[in-house]
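Trainee: got a predicted model here, sequence first, then my questions.
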Amino acid sequence: MEDTPAEKRQEIISHRGTVVSVSDGVAQVEIVSSSACSSCRAAGLCGSSESALKTVSVRLRPWDSCQAGDVVEVAVAKSMGMAAVLLSYVIPVFILLIFVLFLSKIAVSELLVGLGAVSGLALYYLVLYLFRDRLKGKYEFTINKKL
């Protein structure tokens, strides 16, 4: 059974972006990442909306053609986005909880509990940093179309 276009769209996360530069088959694309509040009509009044300009590297496929200034749609598989959330938010929270609960259980001072938990997180992020090249290959953005 074939997926409908709506189901296929739900499998990817896409953002509109502007190509900043293209060199060696890689395009640097600026995207505006905004919170859900930024689209609210009252966002300017409450001040809780936020958005950030981010630059992503997109390896161009042979049939992709773009140049600086082009407005494009940048996409990544939804499963990759979920894996990124797992690596950046969920696992660190579990590490923090494990360290805090374990160190509290063995009755060390609160200062050591805090330092131990922060040290555990620092070690985790160091391991992520050391494996960044391996992870970079798994998270690939694509340019779906020019807009």
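Mentor: Sure thing, it's come through. A quick note: this is a predicted structure, and the numbers were derived from the prediction, not measured.

Trainee: contacts, neighbours, all on C-alpha from now
Mentor: OK.

Trainee: now do the contacts for residue 68.
Mentor: 18-22 (C-alpha atoms under 8 Å, 6 or more residues apart in numbering).

Trainee: stretch 112-129: which residues count as buried?
Mentor: Neighbour-count burial for stretch 112-129 flags 113-114, 116-118, 120-121, 124 (criterion: 16 or more other C-alpha atoms under 10 Å).

Trainee: for stretch 15-32, same thing?
Mentor: Counting neighbours by 16+ other C-alpha under 10 Å, stretch 15-32 gives 16-22, 27-31 as buried.

Trainee: give me phi/psi at the residue nearest to the spatial centre of the chain?
Mentor: Geometric centre of the chain, nearest residue: residue 84, 5.9 Å, by C-alpha atoms, centre = their mean. For residue 84, the backbone dihedrals (degrees, to the nearest 10) come out as phi -70, psi -40.

Trainee: so what's it scoring on pLDDT?
Mentor: We have a pLDDT of 83 for residue 84.

Trainee: how about residue 46?
Mentor: 52.

Trainee: do the same with residue 4
Mentor: Residue 4 is given a pLDDT of 45.

Trainee: residue 140 reaches residue 61, doesn't it?
Mentor: No: Residue 140 is not in contact with residue 61 according to C-alpha atoms under 8 Å; the separation is 11.5 Å.

Trainee: quick revisit: now pLDDT and secondary structure too, for the contacts of residue 68, in TSV please.
Mentor: Shown next, in TSV, are the contacts of residue 68 (pLDDT from 0 to 100; DSSP: H, G, I helix; E, B strand; the rest coil):
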residue	pLDDT	secondary structure
18	88	strand
19	87	strand
20	88	strand
21	87	strand
22	86	strand
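
Trainee: farthest-apart pair in those, please.
Mentor: By the measure C-alpha to C-alpha, 18 and 22 form the most distant pair in these, at 11.3 Å.
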